[in-house]
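Peer 1: give me coordinates for this.
(one chain, ligands or ions: 1)
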Amino acid sequence: VTGADRLRIGIVGTGAIAGAHSAAYRTVAGTYPEAPRSIVLAAAADVDHGRAEAIGRAWGWERAETDWKAITRAEDVDVVDICAPNVFHADIAIDALTHGKHVICEKPLASSPAAAFAMVEAAAAAQRVAQVCFYYRVWPAISWVAEMVASGRFGRPRHFRGWMLQDYAANPGHDMAWRARLGEAGAGALGDLGSHIIDIARTLCGDIAQVCGTLHTLVDRGPTAAGIDDLTAMLVRFEDGTSGVIEASWALRGHHCDLGFDLVCEDGGVRFSWERGNEVQVLEGDVADATNGYRTVLIGKGQPDVDRFVSVSGQGMGYRDTFTIGVSRSLSAIARGDVDAAPTFADGLAAALVVDATQRSASEGGWVDVARPPIVGAATA
Ligand SMILES: NC(=O)c1ccc[n+]([C@@H]2O[C@H](COP(=O)([O-])OP(=O)(O)OC[C@H]3O[C@@H](n4cnc5c(N)ncnc54)[C@H](O)[C@@H]3O)[C@@H](O)[C@H]2O)c1
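Peer 2: Predicted structure coming up:
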C-alpha cells in the first residue's frame, strides 16, 4: 500500500444511505487535513440505473453503472463503497479486494457469519483497508465514553444495558423490501439495528462470550417475511464476566432513533441516547454521598473529532457527521499507507457471530456460546 493524495471512490448501491456517504466524501477533505486532498466521486452503480444517475446529478458522481463489477474492476476506482443490500456485500467486497481496491462496507457486514469470515480473509490477503460502517461508535460522545472507560476512570464495568430501538417498521404499511426477506437480510431487527448496539457493547466492554436471547414478531408481513424478527431481547455475558442486557427493535412506537446505553461501573457510570446525542450523562464521585448524581456533559472541546466540526460546546453535531468521521478513518489510513481503519471487517464478523448466537439461542432456548472467529488463513495453511 502506498500513500495517496488523490483517491477515486466508486459506490455500489445508491438507495437510502448512499446520500450520507456521498455527503461524507464531499466534506471529508475540508474537515480532515490528514485525509487526501482530492476525493473524486468516480462512479456509482445500482441495478436501478436511474437511481445511479440521479445520485450522480445530486452529488456529482461522474458516471453511472448498472453492474457492480464495473466498479470493483474499474481502472479509475481506488476505494469501493458498498451500500447495497446485505446479501451482496460479500461478493462485491471480495471482488473489489481481489482487484486491489480498498473497501468501505455498510453494516451488517454480511448476511451470514461464513460470508463475513470470507470477507475478513479476503481483506487479510489483499492488505487493503477494509472498514465496516458501524459509524455510531465514531460519534464523539461514544468515542469519548469509550476512551474514559478504557482509561479506568470509572473503574471496572459492572453492568451494561444497551438498546437500539426505532419505530419505522411499526407501521404495517411501511415497505420493508429486502429487509423483510431473511435470505437477503440474514436477520430482521436483530441484524439491521441490533448489530449497531452489539458493536457499541463490544467497544465499551469487550467481546461477548455468551447470549441468551429471544426473537419476536410484532407485525404480520405474511409468509415471505418468515423468520424476520421485529424485536430481540437478550442477556449477554462478556468475556471478562461483565453482565449485560441488549434490546433491539425497528417496530417499537415512540422510539425514533433511540440507540442508547447505561453502563454502570465500580466507581461511576455513563448514560447516553442518540435522541439526545449531543449530551452524555456522567456519574462520578463518592459512593457514600447520597446527593451525588449524574451530570450532563455537552459534546464539545477535548472530545474526539469535535473540534473539526464545531468551535464551542453546545453547537451540536448531527447524524451525517458520523459518516464524515467514519470515512476519514479509512481515507486517512490510505493516505499514510496504512490498512488499519476501525471499525474493521473483523468487528463486522464479531457482531455477525453474536447475531448468529442470538438466533441459535432463540430457537434452541437458553444460553449459547458465541462462536469464536476462525483463525484467518487456517483453511489454506
Ligand atoms: N450505517 C447505518 O446506520 C445504515 C443506515 C441505513 C442502511 N445501512 C445499510 O446500508 C445498506 C443499504 O441500505 P439502504 O437503506 O440504503 O437500502 P436501499 O434498499 O434503500 O438501497 C439499496 C440500493 O441497492 C440497490 N441494489 C440492490 N441490489 C444491487 C446489486 N446487486 N448491485 C447494485 N445495486 C443493488 C437497490 O436498487 C437500491 O437502490 C444495507 O446493508 C443497510 O443495512 C446502514
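Peer 1: count the residues that sit near residue 254.
Peer 2: By the criterion of other CB atoms under 10 Å, residue 254 has 8 neighbours. In short, each C-beta sits where N, CA and C put it, glycine included.
Peer 1: and for residue 288?
Peer 2: Using other CB under 10 Å, residue 288 has 6 neighbouring residues.
Peer 1: could you report the neighbour count for residue 126?
Peer 2: Around residue 126 there are 21 other residues, counting by other CB under 10 Å.
Peer 1: and it, backbone torsions?
Peer 2: Backbone torsions for residue 126, taken as degrees, to the nearest 10, come to phi -80, psi -20.
Peer 1: contacts only, for it.
Peer 2: Counting by CB atoms under 8 Å, 6 or more residues apart in numbering, residue 126 touches 97, 98, 100.
Peer 1: quick check on those residues: which are buried?
Peer 2: Buried members of the contacts of residue 126, scored by 16 or more other CB atoms under 10 Å, are residue 97.
Peer 1: now residue 232, which residues is it bridged with?
Peer 2: Under DSSP bridges, the beta-bridge partners of residue 232 are residue 215, residue 248.
Peer 1: can you flag which of the contacts of residue 126 belong to helices?
Peer 2: By the criterion of DSSP state H, membership of those in helices covers 97, 98.
Peer 1: got the contacts of residue 126 as a markdown table, with pLDDT and distance to residue 202 columns?
Peer 2: Below are those laid out as a markdown table (pLDDT from 0 to 100; distance: CB to CB, whole Å):
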| residue | pLDDT | distance to residue 202 |
| --- | --- | --- |
| 97 | 98 | 24 |
| 98 | 98 | 28 |
| 100 | 98 | 30 |
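Peer 1: and of the contacts of residue 126, the nearest to residue 30?
Peer 2: Residue 30 lies nearest to residue 100 out of these, by CB to CB, at 27.7 Å.
Peer 1: surely the closest one meets residue 128?
Peer 2: Yes: with contact defined as CB atoms under 8 Å, residue 100 counts as touching residue 128 (7.0 Å).
Peer 1: any idea of the mean pLDDT for stretch 196-209?
Peer 2: For stretch 196-209, the mean pLDDT works out to 98.
Peer 1: residues of that stretch that come out buried?
Peer 2: Residues of stretch 196-209 classed as buried: 196, 197, 198, 199, 200, 201, 202, 203, 204, 205, 208, 209 (neighbour count, 16+ other CB under 10 Å).
Peer 1: please name the nearest non-neighbouring residue to the last one.
Peer 2: Which is residue 209. If the residues on either side of it in the chain are set aside, residue 209 comes closest to residue 239, at 4.8 Å by CB to CB, 6 or more residues apart in numbering.
Peer 1: contacting residues around the one you found?
Peer 2: 206, 207, 208, 209.
Peer 1: those in helices, which ones?
Peer 2: Among the contacts of residue 239, none falls in helices (DSSP H).
Peer 1: got those as TSV, with distance to residue 351 columns?
Peer 2: Converted to TSV, these look like this (distance: CB to CB, whole Å):
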residue	distance to residue 351
206	13
207	10
208	9
209	14
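Peer 1: what's the closest of the residues you listed to residue 120?
Peer 2: Residue 120 has its nearest neighbour among the contacts of residue 239 in residue 207, at 15.0 Å by CB to CB.
Peer 1: what does the stretch 1-150 of the chain put close to the ligand?
Peer 2: 12-17, 45-48, 51, 68, 83-86, 88, 106-107, 133, 135 (CB under 6 Å from any ligand atom).
Peer 1: and the buried ones among these, selectable in ChimeraX?
Peer 2: In ChimeraX, a selection of the buried entries from those looks like this (16+ other CB under 10 Å):
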select :12,13,14,45,46,51,68,83,84,85,86,88,106,107,133,135
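Peer 1: which of the residues of the stretch 1-150 of the chain next to the ligand fall within helices?
Peer 2: Using DSSP H, the members of those that fall in helices are residue 51.
Peer 1: residues contacting the residue of the stretch 101-250 of the chain found nearest the ligand?
Peer 2: Residue of the stretch 101-250 of the chain nearest the ligand, by CB to the nearest ligand atom: residue 106 (3.4 Å). With contacts defined as CB under 8 Å, 6+ apart, residue 106 is in contact with 13, 17, 82, 83, 84, 86, 89, 132, 133.
Peer 1: so the fifth one touches residue 16, yeah?
Peer 2: No: contact status for residue 84 versus residue 16: not in contact, 11.6 Å apart, counting by CB under 8 Å.
Peer 1: in contact with the residue nearest to residue 266 when sequence neighbours are not counted, which residues?
Peer 2: With sequence-adjacent residues excluded and distances taken as CB to CB, 6+ apart, residue 266 is closest to residue 155, at 3.2 Å. Residues near residue 155 by CB under 8 Å, 6+ apart: 265, 266, 267, 268.
Peer 1: thank you, goodbye.
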